[in-house]
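Peer 1: only geometry, no sequence info:
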């Protein structure tokens, strides 16, 4: 029963994608296609709720690539608590985002809106397939499909050069990690002979997996997560991915796709547990990413980019928790973050929709003009900053407790510092954009239309509701020492106070603050030179290699052909002279042919 | 036997000599006369091969008809161009080498083939030829008639004056 | 000295044939070339009659008749063409007939 329902969840978005993509009138109708897609994902959401609530897990496998005895590769669905919760998260956020998009993209031409919903449905299908994957191969296939959808949706406004560039950048950089992922999958298969999670976990439990070389294998698999979940040093694509429409950023680049890496690590935790070295690396990379992205968020002026860096930072949190062995905490944070980051993005989208700019310094005083939007943004901010009793507080505390429990004080300090910075940069945005002096905006801001407002309020309600649920029923499991809650609240408070003092009452000068952290400020504004480094590497290696290939093509390949054709021409010219036009010369040819026939008849026959 | 052998060699000598004269003499008119001689020699060869009817045909058609036509053509063109019909040959050495090579090829082939020298009965088989022409070769014979008509028309077409 | 056999006639024919070929290859005058062709056809006739005689096959004789008839046609058409070319180009020289040159 759960497998049939899970297949329904998977099949509905695919059916909607196929319908919109293949039926041309439907696609060109735009809003109708949108409603089809929304209807499909709504039904999928209801089915997902049932799957999540059904107590027993289930697994169904079908052969895909046949081999001698049993299929080499199987496909199917794997339903358990993890995938059930992810199903609900993905379908919920997809549903809300698709409804929201209908208002956000109302100015789009109908055909391109139809294209948008085709991509959205395809993304929902791909992400659900990834979540339900019971084998590494199926996971990889859907992993690449979500990467494709990400590419398509970042480049949705493909006539903008920056969007096209960002799409290509996101695609390439995530592919860099995916190469490692597939190598790791194949290596793991070579060592164990199976792609199936359940079989692999069973082997891991009974110690049948050869440990030699496993560290490398799992590190390669982890690389896929590094690319997809925007971990250092492959995080550079995520801020650029904000060129896509804001709902896309909310869905793909905050709530769902980028968490696929965390999900994968969580899913395959029994395998990672065999290699503590890789786990430690995951913690450190996660903590470092969290801190690094947070510092960059502090100096960013584009509201969406602030949220993008914040996403990278929070993904670092999740990875650190997963690496520290607290995969439950990581997944918990994944869920709550998915909800409140989608909320933040959608609220930011409403703001952008209202004022027509991404630059927070050109906003200001919006709280009075857009009180409802500002309220939901504030709720998201409080949750992200980890303020009691919002959802983020509990998940962040669980993460910190998990890292502390893993005896990684260094990583803990970095994450705690990140918590402080998170509160600082989020309230910086809030104070500048919503409470600062009103900036004379030429367009008259307007509150979000109902189709946008309703998803916002649902997400805001969930953000509070999840928090309140944990107030009423404290989560069982890991709890940090008694000083952890005051510490994290204190850090959030300190960030809030600093942002308030700097950007609201202006006791502290922002310039002086920047001067105090001179080198960090300098580096953060330049994104630590990583983009420049990648651009330099790209120019140095890829471009020069392309030039080399181009040179080879132009001068060697074309040259050979030119020489051949020139020789053909010249040969024809020479042979032309044989055609003297004298009949008797042709008779020579005939006589010579007769001679040859005789010689052949006498000597070679 | 001796007579036949002597005749063969004599006729062969005459044939080869007149053939050479045909291709070597500078005067085209003389060449045609030598051709007539060569054709008569060929007719004698036919006679040696017991083909009396063909001997007659050869004399009448070739030596009588074709040579006459050739002479007419030469006289006509000479009158048209007003030039002497003495002429030089081109690339004699090349032609000689190539011709000799072909001869060696053919002769070598004949020598190797070990033709059986049978001496069957000889009779005047003119009646047989007539039966064959209207019997098994009747269709070919009729087609030949068509060919001759076509050639006649073609010759008339090509040689007529433009008026 | 035995009576000349098939080979003797064949070699005689080959000799005449190659002399004709020589004429075709070397004559400048178009009528001269036609004379060479006549020699070659004659050689073929000798072959046919010789085979008819020594293989006791009537077909050789019949074919000789046909060849003679075809030769007549060929000469008629060939000479007509020569005269037509004369009329147009005022020359009999095959060296000048090179419209086919590549």
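Peer 2: Nice, I can see it. Source: prediction; values computed, not measured.
Peer 1: how about the helices of the stretch 301-450 of chain A, start to end?
Peer 2: Along the stretch 301-450 of chain A, counting by DSSP state H, counting those that start in this stretch, helices occupy A:303-323, A:327-355, A:366-369, A:371-385, A:391-405, A:409-430, A:450-472.
Peer 1: So which elements touch the lowest-mean-pLDDT helix or strand in chain C?
Peer 2: Sorting the helices and strands of chain C by mean pLDDT, DSSP states H and E puts helix C:58-89 at the bottom, at a mean of 85. Packing partners of helix C:58-89 (3 or more C-beta pairs under 8 Å, 6 or more residues apart in numbering or on different chains; DSSP states H and E): helix B:52-57, helix B:67-81, helix B:126-134, helix B:138-159, helix C:30-54. (C-beta placed from N, C-alpha, C; glycine too.)
Peer 1: Name the residues of that helix that are buried.
Peer 2: Residues of helix C:58-89 classed as buried by neighbour count (16 or more other C-beta atoms under 10 Å in any protein chain shown): C:58, C:60-69, C:71-86.
Peer 1: again, but for stretch B:68-79
Peer 2: For stretch B:68-79, burial by neighbour count (16+ other C-beta under 10 Å) applies to B:69, B:70, B:73, B:74, B:77.
Peer 1: Flag whichever of the residues you listed scores worst on pLDDT.
Peer 2: Lowest pLDDT within the buried residues of stretch B:68-79 is found at residue B:77 (70).
Peer 1: surely that residue meets residue C:84?
Peer 2: No - at 11.0 Å, residue B:77 does not count as touching residue C:84 under the criterion of C-beta atoms under 8 Å.
Peer 1: Tell me which of the helices of the stretch 301-450 of chain A approaches chain B most closely.
Peer 2: For chain B, the closest of the helices of the stretch 301-450 of chain A is helix A:303-323, at 88.0 Å, according to C-beta to the nearest C-beta.
Peer 1: contacting residues around residue A:209?
Peer 2: Counting by C-beta atoms under 8 Å, 6 or more residues apart in numbering or on different chains, residue A:209 touches A:191, A:192, A:200, A:203, A:271, A:274.
Peer 1: Of the helices of the stretch 301-450 of chain A, flag the one that's most buried.
Peer 2: helix A:303-323 (a mean of 29; mean count of other C-beta atoms under 10 Å in any protein chain shown).
Peer 1: elements contacting that one?
Peer 2: Applying 3+ C-beta pairs under 8 Å, 6+ apart, we find helix A:303-323 packed against helix A:237-240, helix A:246-250, helix A:260-267, helix A:276-298, helix A:327-355, helix A:391-405, helix A:409-430.
Peer 1: Could you rerun that using 6 Å?
Peer 2: Judged by 3 or more C-beta pairs under 6 Å, 6 or more residues apart in numbering or on different chains; DSSP states H and E, the packing partners of helix A:303-323 are helix A:237-240, helix A:260-267, helix A:276-298, helix A:327-355, helix A:391-405.
Peer 1: quick one: residue B:143 from residue A:561, how far?
Peer 2: 53 Å (C-beta to C-beta, to the nearest Å).
Peer 1: my bad, residue A:152
Peer 2: Counting by C-beta to C-beta, the separation of residue A:152 from residue A:561 is 37 Å.
Peer 1: Of those two, which one has the most company?
Peer 2: It is residue A:152, of residue A:152 and residue A:561, that has more neighbours when counted by other C-beta atoms under 10 Å in any protein chain shown, with 21 against 10.
Peer 1: what's the burial count for residue A:562?
Peer 2: Residues near residue A:562, counting by other C-beta under 10 Å, number 11.
Peer 1: One more: the one 10 residues further on?
Peer 2: Neighbours of residue A:572 under the rule other C-beta under 10 Å: 10.
Peer 1: What of the one 5 residues further on?
Peer 2: Residues contacting residue A:577 under the criterion other C-beta under 10 Å number 9.
Peer 1: Need the pLDDT of it.
Peer 2: 78.
Peer 1: got it, and residue A:21?
Peer 2: pLDDT for residue A:21: 87.
Peer 1: ditto for residue A:374
Peer 2: For residue A:374, the predicted pLDDT is 84.
Peer 1: I figured it was touching residue A:368, is that so?
Peer 2: No - the criterion here is C-beta atoms under 6 Å, and residue A:374 misses it with residue A:368 at 8.6 Å.
Peer 1: next helix or strand past the lowest-mean-pLDDT helix or strand in chain B?
Peer 2: Ranked by mean pLDDT, DSSP H and E, the weakest helix or strand in chain B is helix B:67-81, scoring a mean of 71. Proceeding C-terminally, helix B:67-81 gives way to helix B:92-112 as the next helix or strand, assigned by DSSP states H and E.
Peer 1: Check which helices and strands that next one is in contact with.
Peer 2: helix A:583-599, helix C:6-26.
Peer 1: gap between the closest residue to residue C:44 other than its chain neighbours and chain A?
Peer 2: Excluding the flanking residues, the one nearest residue C:44 by C-beta to C-beta, 6 or more residues apart in numbering or on different chains is residue C:67, at 6.3 Å. With distances taken as C-beta to the nearest C-beta, to the nearest Å, residue C:67 is found 18 Å from chain A.
Peer 1: Point out where the stretch 451-600 of chain A drops to low pLDDT.
Peer 2: Low-confidence segments of the stretch 451-600 of chain A, defined by pLDDT under 70: A:474-480, A:510, A:513, A:515, A:521, A:524, A:527.
Peer 1: 90 instead, please
Peer 2: Counting by pLDDT under 90, the ranges of the stretch 451-600 of chain A that qualify are A:451-547, A:554-556, A:572-592, A:594-600.
Peer 1: in it, which spans are helices?
Peer 2: So, for the stretch 451-600 of chain A - with DSSP H, counting those that start in this stretch - the helices run A:484-499, A:510-516, A:518-525, A:530-537, A:544-551, A:558-578, A:583-599.
Peer 1: Go through the ones you listed and pick out the most buried.
Peer 2: Compared across the helices of the stretch 451-600 of chain A, helix A:484-499 shows the largest average neighbour count, a mean of 18 (mean count of other C-beta under 10 Å).
Peer 1: Give the other helices and strands that it contacts.
Peer 2: The criterion is 3+ C-beta pairs under 6 Å, 6+ apart, and the helices and strands that helix A:484-499 contacts are helix A:409-430.
Peer 1: Contact partners for residue A:213?
Peer 2: Neighbouring residues of residue A:213 by C-beta atoms under 6 Å, 6 or more residues apart in numbering or on different chains: there are none.
Peer 1: again, only this time at 7 Å
Peer 2: By C-beta atoms under 7 Å, 6 or more residues apart in numbering or on different chains, the contact list for residue A:213 reads residue A:191.
Peer 1: who touches the host helix or strand of residue A:140?
Peer 2: Under the criterion of DSSP H and E, residue A:140 resides in helix A:136-154. Defining contact as C-beta under 7 Å, 6+ apart, one finds that helix A:136-154 is touched by A:73, A:75, A:119, A:122-123, A:126-127, A:129-130, A:133, A:163, A:166-167, A:170-171, A:174, A:178, A:181-182, A:185, A:195, A:224, A:241, A:243-244, A:248, A:252, A:257, A:260, A:264.
Peer 1: at 6 Å what do you get?
Peer 2: Taking C-beta under 6 Å, 6+ apart as the rule, helix A:136-154 contacts A:73, A:75, A:119, A:122-123, A:126-127, A:129-130, A:133, A:166-167, A:170-171, A:174, A:185, A:195, A:241, A:243-244, A:248, A:252, A:257.
Peer 1: quick one: the closest residue to chain A within chain B from residue B:92, how far?
Peer 2: Closest approach between chain B and chain A, counting by C-beta to the nearest C-beta: residue B:105, at 3.5 Å. To residue B:92, residue B:105 is 20 Å away according to C-beta to C-beta.
Peer 1: rewinding a little: check the spacing between the residue nearest to residue C:44 and chain B real quick.
Peer 2: 10 Å.
Peer 1: Also near chain C: which of the buried residues of stretch B:68-79, exactly?
Peer 2: Restricting the buried residues of stretch B:68-79 to those within reach of chain C (C-beta under 6 Å from any C-beta of the partner chain) leaves B:73, B:77.
Peer 1: Dump the buried residues of stretch B:68-79 to a markdown table, plus distance to residue B:97.
Peer 2: Shown next, in a markdown table, are the buried residues of stretch B:68-79 (distance: C-beta to C-beta, whole Å):
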| residue | distance to residue B:97 |
| --- | --- |
| B:69 | 33 |
| B:70 | 28 |
| B:73 | 31 |
| B:74 | 29 |
| B:77 | 31 |
